[in-house]
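[1] The amino acid sequence is not available; the structure is as follows:
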């Protein structure tokens with residue numbers, strides 16, 4: 001008998017918030033906990049297993065699993081009641097009247113025979129089993145299609161990658177429950193073989209067998225990924241996902257307090273729990289970082305890089321087949337080192353061919369840059385409408401509150417637009433009012449069922465698209481730099497250019513619409529195997545998007561070094577790299593975003609087999625200067641010979657010889673860089689960190 005205890009009010013409240021959050025994310029609507037006794041019993045089991053401390057992290061994680069189990073059970077009950085209380089498995093185990101009638105008729109014929117009755121009955125039984133297999137196979141095919149449809153809906157849902165994965169796992173759980181596989185705790189490879197064998201037995205034709213086996217392979221991949229994730233989820237050194245969830249719940253609790261009073265004691269309990277959870281997370285995270293620095297004290301791994309935002313971690317808003325809005329994580333949620341740009345967000349709008357991006361506005365100033373395709377943009381204010389044709393490389397500003405709509409009239413190419421947004425209300429937050437969509441198009445817009453998230457783009461006929469593109473303000477390049485029309489970035493003369501790369505830039509000094517937001521926009525093209533040499537920006541913090549190709553960047557950061565030294569001193573485990581800078585790096589691929597703060601030296605390398613193209617938004621771009629640390633035009637040429645000799649501990653003649661042998665500026669081939677590295681292997685000039693430390 002399990003001893004029950006009364007649960008703290010704050011814990012039940014937090015659990016209900018968790019349940020509401022997850023159920024809302026999965027799109028099933030708010031599901032109330034009808035069976036509180038079951039939840040309390042599960043919580044008490046967590047208490048017995050992980051101790052009496054209600055702030056134990058493992059106990060809190062166990063209680064989260066309790067809530068997820070309760071959610072799954074109630075969703076199963078909801079679906080079961082909708083099917084008259086008969087699950088898919090029970091329906092298939094009940095023999096159909098037609099099959100039963102055939103079997104009885106076969107048995108009667110056998111009794112009427114004078115000879116071979118036993119063999120006749122065996123043939124009847126064999127035919128009966130074959131008929132059952134066919135019916136079960138048809139039922140399983142239906143289940144498989146339902147499972148696949150459920151997973152596709154998960155992919156279209158708003159939220160983080162972890163939440164979409166959780167949604168898929170819920171689909172899998174329901175599928176196993178309906179197909180009678182629930183509770184089969186077996187090795188993923190063995191489960192895969194069993195699945196393939198079922199496909200071979202039940203498939204009616206080769207195509208159906210191929211589809212079934214493809215489904216088995218997807219399940220194997222998810223099983224293996226889920227197994228790894230579950231092994232890590234109970235390890236206190238891997239608490240990032242749960243920590244992020246608790247931060248979200250804490251914000252929800254603060255909002256909830258406005259409408260529901262709590263005693264001071266309950267508030268203190270809630271706050272203490274959150275603080276202890278966060279403290280444990282920081283301790284484990286710092287311990288892991290300390291171990292990493294012992295192995296490589298000068299660099300940060302790609303996973304620890306606070307300035308790097310991989311494409312797969314961005315969130316999709318309003319995703320449908322016609323298009324979506326992909327938003328990068330808020331900068332300060334990634335790292336407090338980015339609080340200087342906390343007012344800004346970065347997003348990418350994608351509109352499929354022959355689509356109309358419906359009228360919308362948001363409470364943020366924005367700069368738009370077309371990174372793929374062609375289209376038409378319309379900007380509507382109270383007494384004015386402006387429409388422009390836009391194409392790859394165009395830049396245009398959209399003031400806050402301006403109603404915007406776009407069309408993509410192309411038949412076979414997406415229209416893709418990168419956006420830098422600056423909120424005019426809450427820092428780092430911008431809203432695209434969803435009630436606008438309902439008011440204009442109703443709750444059930446074309447191609448969407450009620451309950452799905454609203455679309456931001458819809459299909460339109462060629463006649464409609466042509467009519468919308470008629471009233472264009474101008475189709476020529478904007479020559480008036482006070483104009484509100486699109487700026488043709490690639491049509492301008494490159495700011496830096498040679499055989500190994502180019503950099504185009506439009507800045508606030510030249511264009512009024514950029515001056516209002518104090519933002520510059522640049523386009524960097526690095527040829528395959530080439531390097532954009534070490535440089536830093538005097539004022540601008542650059543938010544860069546990788547458009548094409550692949551490569552790598554290295555950046556020197558003074559803040560990581562000082563921040564970590566402070567953390568290490570607090571823990572009495574001081575580790576010094578002997579350098580005021582830390583090196584951060586990341587591999588780059590299309591869709592990745594990375595931030596280069598002002599004053600941070602950076603070098604970028606294109607891969608050996610692909611050119612690398614990047615678009616950058618420079619926040620605080622007015623009067624910005626790029627200071628190159630290497631190359632023929634290096635600012636080091638302005639430094640006295642004696643100063644370089646003392647700083648780098650190299651003889652003056654050797655120092656001058658090294659700098660004088662640099663024949664190219666801005667972009668250089670990787671081979672030349674490697675040769676210079678060979679000549680200076682035993683000298684500090686071979687490292688970006690030593691350039692940075694000197695400065």
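    Nice, I can see it. None of the values given here were measured: they were computed from a predicted structure. Numbering: from 1, shown residues only.
[2] Just the pLDDT at residue 28, thanks.
    You'll see residue 28 listed with a pLDDT of 34.
[3] what's the following helix or strand after the helix or strand bottoming out on mean pLDDT in the chain?
    Sorting the helices and strands of the chain by mean pLDDT, DSSP states H and E puts helix 88-93 at the bottom, at a mean of 40. Once the chain leaves helix 88-93, the next helix or strand it forms, by DSSP states H and E, is helix 97-112.
[4] Okay, buried residues for that next one please.
    Of all the residues in helix 97-112, those buried under the rule 16 or more other C-beta atoms under 10 Å are 99, 103, 106, 107, 110. (C-beta placed from N, C-alpha, C; glycine too.)
[5] so how many other residues sit close to residue 384?
    By other C-beta atoms under 10 Å, 9 other residues sit near residue 384.
[6] which residues does it contact?
    For residue 384, no contacting residues are found, by C-beta atoms under 8 Å, 6 or more residues apart in numbering.
[7] and it, backbone torsions?
    Dihedral pair for residue 384: phi -150, psi 140, per degrees, to the nearest 10.
[8] ok, of the buried residues of helix 97-112, which one's closest to residue 364?
    The shortest gap between residue 364 and any of these belongs to residue 99, at 63.3 Å (C-beta to C-beta).
[9] Next one, pLDDT for that closest one please.
    Residue 99 carries a pLDDT value of 69.
[10] got any ranges where the stretch 251-400 of the chain has weak pLDDT?
    251-303 (pLDDT under 70).
[11] again, only this time at 80
    Residue ranges of the stretch 251-400 of the chain with pLDDT under 80: 251-304, 316-318.
[12] the helices in it, which residues?
    Using DSSP state H, counting those that start in this stretch, the helices found in the stretch 251-400 of the chain span residues 264-295, 331-334.
[13] Ok, the stretch 501-650 of the chain next?
    Using DSSP H, counting those that start in this stretch, helices in the stretch 501-650 of the chain cover 512-515, 558-570, 641-648.
[14] sorry, back to before: Throw the buried residues of helix 97-112 into a markdown table and include distance to residue 594, thanks.
    Listed next are the buried residues of helix 97-112 as a markdown table, based on distance: C-beta to C-beta, whole Å:
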| residue | distance to residue 594 |
| --- | --- |
| 99 | 63 |
| 103 | 68 |
| 106 | 72 |
| 107 | 74 |
| 110 | 77 |
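[15] list the contacts for residue 623?
    Here residue 623 is in contact with 509, 538, 539 (C-beta under 8 Å, 6+ apart).
[16] end-to-end on stretch 513-531?
    Across stretch 513-531, the terminal residues are separated by 32 Å (C-alpha to C-alpha, to the nearest Å).
[17] Stretch 339-350 too?
    Its start and end residues considered, stretch 339-350 measures 28 Å (C-alpha to C-alpha).
[18] Tell me the buried residues in that stretch?
    Quick answer for stretch 339-350 (16+ other C-beta under 10 Å): 341, 342, 343, 344, 345, 346, 347, 348, 349, 350.
[19] just the buried residues of helix 97-112 now: which is nearest residue 461?
    Distance to residue 461 across the buried residues of helix 97-112 (C-beta to C-beta) is lowest for residue 99, with 49.6 Å.
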